[in-house]
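**Q** The sequence and its predicted three-dimensional model are supplied below.
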2 protein chains.
Amino acid sequence: MTVAEELSASLEDYLEAIHHIASEKGASKAKDIALRLKVRSSSVTGALHALAKRGLANYAPYDLITLTPEGEKLALDVIHRHEALRDFFITVLSVDKTEADDAACKMEHSVSPEIIERIVQFVKFVQTCPLGGAEWIEGKGFFCEHKDSEGGCPLYKEEKQDSSKEQ
Amino acid sequence: MTVAEELSASLEDYLEAIHHIASEKGASKAKDIALRLKVRSSSVTGALHALAKRGLANYAPYDLITLTPEGEKLALDVIHRHEALRDFFITVLSVDKTEADDAACKMEHSVSPEIIERIVQFVKFVQTCPLGGAEWIEGKGFFCEHKDSEGGCPLYKEEKQDSSKEQ
DNA sequence: TTATATTATTAGGCGTGTCAAATAAATTTC
DNA sequence: GAAATTTATTTGACACGCCTAATAATATAA
């Protein structure tokens, strides 16, 4: 089995669109995809061939379009990146929703898994410890600087409880 | 005067490379650019034609390559985005330098001016108020939540002093 | 200064991703 | 169920940006 080729930004957009349309109306038609991505339907046909060739979409001419499990997995990954970025822009940077969504849409294709993971952790930290003072602890995540003192980091406490539960 | 066409990620990379090579050795040669961008020199020639056509690079066959003032301005903008992202990854997300630089390199082309500005402000905040508690104040920037209490946000105090100086 | 090595350019090809126009299939309406 | 409409596909074109191979210019060494 060879390593799957990196998807282009364009194909990632198609996966994302197909997933979203499917979750709104069950399955996708080329026209909905075209409308959503602001692209002509001949471009959609082309993209669907490419996705089908990679085993990411179920495509038969004139038929409804769905994602394969593999395609679905990749779509969810793109969406995860999108949402992580958007949440970060809104929660931490106080960017307004529309702008945050647009920015996430553009950046979701170039952000690495490592950065996304850090961002997810950081947003989680900010939402739990609004007083801040984030400190990254390798292998654990962000905690506030006073994790050991009374009234310290709630995240850190959760962590402690969790591990004692696991005992 | 028409609105300048958006530069592609690829051309932005060339601008950035030309600027960096020039600041290290005075001017750029096609070979240095090719090495830096891991591209063949025929690709460099093509890119130089495109940049020259847009008035961003001074290009004459077999001659040294420099940027026009316009090209220099755009190069500095790309570099600003790169550095803002890298600093954020390092300072806030505790990502290691190499990874931070790689990630910045990939994302610098898709990040909007608004997001960059917020990130710059946020990093500045984190560096000044390491205890955190960032709060965005429209038209001002990030300050900590205790800006009015004793021992509160140094950034906010600076701001106050600054405006009294201006009086 | 002539031969050699290096560097740059041109020419042509390939993959991606878009479009418009022509055609074909499916759906809706009468 | 036939006609009209909508939707989808094919075909061919074009821009980008990379590549290889062949050629041309420049720089280096003898």
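**A** Cool, got the structure. A quick note: this is a predicted structure, and the numbers were derived from the prediction, not measured.
**Q** Just give the number of residues close to residue A:36.
**A** Neighbourhood size, residue A:36 [other C-beta atoms under 10 Å in any protein chain shown]: 17. From N, CA and C alone the C-beta is placed, and that goes for glycine too.
**Q** any idea whether it is helix, strand or coil?
**A** helix (DSSP: H, G, I helix; E, B strand; the rest coil).
**Q** For it, give its distance to residue A:16.
**A** For residue A:36, the distance to residue A:16 equals 9 Å [C-beta to C-beta, to the nearest Å].
**Q** Need the three-state assignment for the nearest residue to residue A:96 once chain neighbours are set aside.
**A** Nearest residue to residue A:96, sequence neighbours excluded (C-beta to C-beta, 6 or more residues apart in numbering or on different chains): residue A:90, at 7.8 Å. For residue A:90, the secondary-structure state derived from three-state DSSP is helix.
**Q** Residue A:90 reaches residue A:97, doesn't it?
**A** Yes - between residue A:90 and residue A:97 there is a contact at 6.3 Å, judged by C-beta atoms under 8 Å.
**Q** Give me the more crowded residue out of those two.
**A** residue A:90 (17 against 10).
**Q** so who does that one touch?
**A** A:96, A:97, A:100 (C-beta atoms under 8 Å, 6 or more residues apart in numbering or on different chains).
**Q** Please flag which of these sit within helices.
**A** Judged by DSSP state H, the contacts of residue A:90 include A:97, A:100 as members of helices.
**Q** so which of the contacts of residue A:90 would you say is closest to residue B:9?
**A** Nearest to residue B:9 among the contacts of residue A:90: residue A:100, at 21.8 Å, using C-beta to C-beta.
**Q** unless I'm mixing things up, that closest one is touching residue A:89, no?
**A** Yes - with contact defined as C-beta under 8 Å, residue A:100 and residue A:89 form a contacting pair (3.8 Å).
**Q** The two: who's more crowded?
**A** Taking other C-beta under 10 Å, residue A:100 and residue A:89 do not tie; residue A:89 has more neighbours (27 against 21).
**Q** Test my guess that the more buried one contacts residue B:115.
**A** Yes - taking C-beta under 8 Å as the definition, residue A:89 is a contact partner of residue B:115 at 6.6 Å.
**Q** which residues are in contact with both of these two?
**A** Counting by C-beta under 8 Å, 6+ apart, the residues touching both residue A:89 and residue B:115 are A:95, A:103.
**Q** pLDDT score for residue A:72?
**A** If you check residue A:72, the pLDDT there is 98.
**Q** quick one: contacts for it?
**A** Residue A:72 is in contact with residue A:19, counting by C-beta under 8 Å, 6+ apart.
**Q** can you rerun that using 10 Å?
**A** Residue A:72 makes contacts with A:15, A:18, A:19, A:22, A:56, A:57, A:66, as judged by C-beta atoms under 10 Å, 6 or more residues apart in numbering or on different chains.
**Q** quick one: the strands in chain A?
**A** Ranges of strands in chain A, per DSSP state E, are A:57-58, A:66-67, A:134-137, A:141-144.
**Q** quick check, the second one touching DNA strand D?
**A** It stands for strand A:66-67. No - using C-beta under 7 Å from any atom of the strand, strand A:66-67 stays clear of DNA strand D, coming no nearer than 13.0 Å.
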